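S.K.: the amino acid sequence is not available; the structure is as follows:
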(Lines give C-alpha, C1' and ligand atoms only; values in the text may rest on other atoms or scores of the structure.)
Protein backbone atom coordinates (compact mmCIF):
# COMPACT_ATOMS: atom_id res chain seq x y z
CA UNK A 1 0.00 0.00 0.00
CA UNK A 2 1.48 3.34 -1.02
CA UNK A 3 1.13 6.61 0.93
CA UNK A 4 -1.68 8.00 -1.24
CA UNK A 5 -3.73 4.81 -0.93
CA UNK A 6 -3.20 4.83 2.86
CA UNK A 7 -4.57 8.38 3.14
CA UNK A 8 -7.91 7.81 1.33
CA UNK A 9 -10.94 8.52 3.54
CA UNK A 10 -8.83 10.41 6.05
CA UNK A 11 -9.25 14.05 7.00
CA UNK A 12 -6.60 16.48 5.74
CA UNK A 13 -4.57 17.90 8.65
CA UNK A 14 -6.03 15.53 11.27
CA UNK A 15 -3.93 13.68 13.81
CA UNK A 16 -2.70 10.36 12.35
CA UNK A 17 -4.13 8.35 15.26
CA UNK A 18 -7.63 9.79 14.80
CA UNK A 19 -7.84 10.90 11.17
CA UNK A 20 -11.34 9.71 10.29
CA UNK A 21 -14.33 11.98 9.77
CA UNK A 22 -16.23 13.07 12.89
CA UNK A 23 -19.99 13.23 13.39
CA UNK A 24 -21.50 16.69 13.12
CA UNK A 25 -18.78 18.04 10.81
CA UNK A 26 -19.04 18.93 7.08
CA UNK A 27 -16.41 17.69 4.65
CA UNK A 28 -15.46 18.27 1.02
CA UNK A 29 -13.74 15.46 -0.86
CA UNK A 30 -10.42 16.30 -2.52
CA UNK A 31 -10.38 14.89 -6.06
CA UNK A 32 -7.24 14.35 -8.14
CA UNK A 33 -3.70 15.53 -7.49
CA UNK A 34 -1.50 14.62 -4.55
CA UNK A 35 -4.28 14.75 -1.93
CA UNK A 36 -6.82 12.69 -3.88
CA UNK A 37 -9.27 10.91 -1.61
CA UNK A 38 -8.67 13.02 1.48
CA UNK A 39 -11.51 14.91 3.13
CA UNK A 40 -11.22 18.62 3.97
CA UNK A 41 -13.17 19.83 7.02
CA UNK A 42 -15.25 22.81 5.83
CA UNK A 43 -17.55 23.01 8.87
CA UNK A 44 -16.42 26.46 10.03
CA UNK A 45 -15.91 27.97 6.57
CA UNK A 46 -18.47 30.51 5.33
CA UNK A 47 -20.42 29.41 2.23
CA UNK A 48 -18.60 31.87 -0.04
CA UNK A 49 -15.24 30.40 1.02
CA UNK A 50 -16.34 26.87 0.10
CA UNK A 51 -16.56 28.14 -3.50
CA UNK A 52 -13.00 29.52 -3.50
CA UNK A 53 -9.71 27.85 -4.41
CA UNK A 54 -7.72 26.65 -1.40
CA UNK A 55 -3.96 26.07 -1.18
CA UNK A 56 -3.17 23.05 1.00
CA UNK A 57 0.33 22.18 2.19
CA UNK A 58 1.63 18.85 1.02
CA UNK A 59 4.96 17.11 0.60
CA UNK A 60 3.50 14.94 -2.16
CA UNK A 61 3.12 17.70 -4.77
CA UNK A 62 5.45 18.84 -7.52
CA UNK A 63 7.34 21.21 -5.18
CA UNK A 64 7.98 18.74 -2.35
CA UNK A 65 8.15 19.88 1.28
CA UNK A 66 6.66 23.34 1.71
CA UNK A 67 4.71 23.12 -1.55
CA UNK A 68 0.97 23.49 -1.83
CA UNK A 69 -1.72 21.80 -3.87
CA UNK A 70 -4.51 24.00 -5.21
CA UNK A 71 -8.08 22.71 -5.03
CA UNK A 72 -11.29 24.39 -6.20
CA UNK A 73 -14.96 23.44 -6.22
CA UNK A 74 -16.24 21.11 -8.91
CA UNK A 75 -19.90 21.26 -7.87
CA UNK A 76 -22.25 24.04 -6.73
CA UNK A 77 -22.55 22.61 -3.21
CA UNK A 78 -18.78 22.63 -2.66
CA UNK A 79 -18.73 18.96 -1.65
CA UNK A 80 -15.97 18.10 -4.11
CA UNK A 81 -12.79 20.10 -4.63
CA UNK A 82 -10.82 19.29 -7.78
CA UNK A 83 -7.06 19.60 -8.10
CA UNK A 84 -5.97 22.62 -10.13
CA UNK A 85 -2.21 22.30 -9.86
CA UNK A 86 0.69 22.79 -7.45
CA UNK A 87 2.46 25.91 -6.29
CA UNK A 88 5.65 26.49 -4.28
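M.R.: That came through fine. These numbers were taken from a predicted model, which means no experiment stands behind them.
S.K.: quick check: which ranges of this structure have low pLDDT?
M.R.: Residue ranges of the chain with pLDDT under 70: 1-8.
S.K.: all helices for this structure, in order.
M.R.: All helices of the chain, identified by DSSP state H, fall at 3-7.
S.K.: which strands border the lengthiest strand in it, and is each parallel or antiparallel?
M.R.: When the chain is parsed with DSSP state E, its longest strand is strand 80-87. Here strand 80-87 has these sheet partners by DSSP bridges: strand 27-31 (parallel), strand 68-73 (antiparallel).
S.K.: save those as JSON lines, and put in distance to residue 60 and mean neighbour count too.
M.R.: (Glycine included, C-beta is placed from N, CA and C.) Shown next, in JSON lines, are those (distance: least, Cβ to Cβ, whole Å; neighbours: other Cβ atoms under 10 Å):
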{"stretch": "strand 27-31", "distance to residue 60": "12", "mean neighbour count": "19"}
{"stretch": "strand 68-73", "distance to residue 60": "8", "mean neighbour count": "20"}
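S.K.: for these, give me JSON lines that also has distance to residue 39.
M.R.: Output for the strands paired with strand 80-87, formatted as JSON lines (distance: least, Cβ to Cβ, whole Å):
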{"stretch": "strand 27-31", "distance to residue 39": "4"}
{"stretch": "strand 68-73", "distance to residue 39": "12"}
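S.K.: what is the neighbour count of residue 35?
M.R.: For residue 35, the neighbour count with other Cβ atoms under 10 Å is 22.
S.K.: go ahead and confirm it touches residue 69.
M.R.: Yes - taking contacts as Cβ atoms under 8 Å, residue 35 lies within contact range of residue 69: 5.5 Å.
S.K.: who touches both of the two?
M.R.: Common contact partners of residue 35 and residue 69 (Cβ atoms under 8 Å, 6 or more residues apart in numbering): 56, 58, 60, 83.
S.K.: for those residues, which one is nearest residue 75?
M.R.: Proximity of the shared contacts of residue 35 and residue 69 to residue 75 (Cβ to Cβ) peaks at residue 83, which lies at 14.5 Å.
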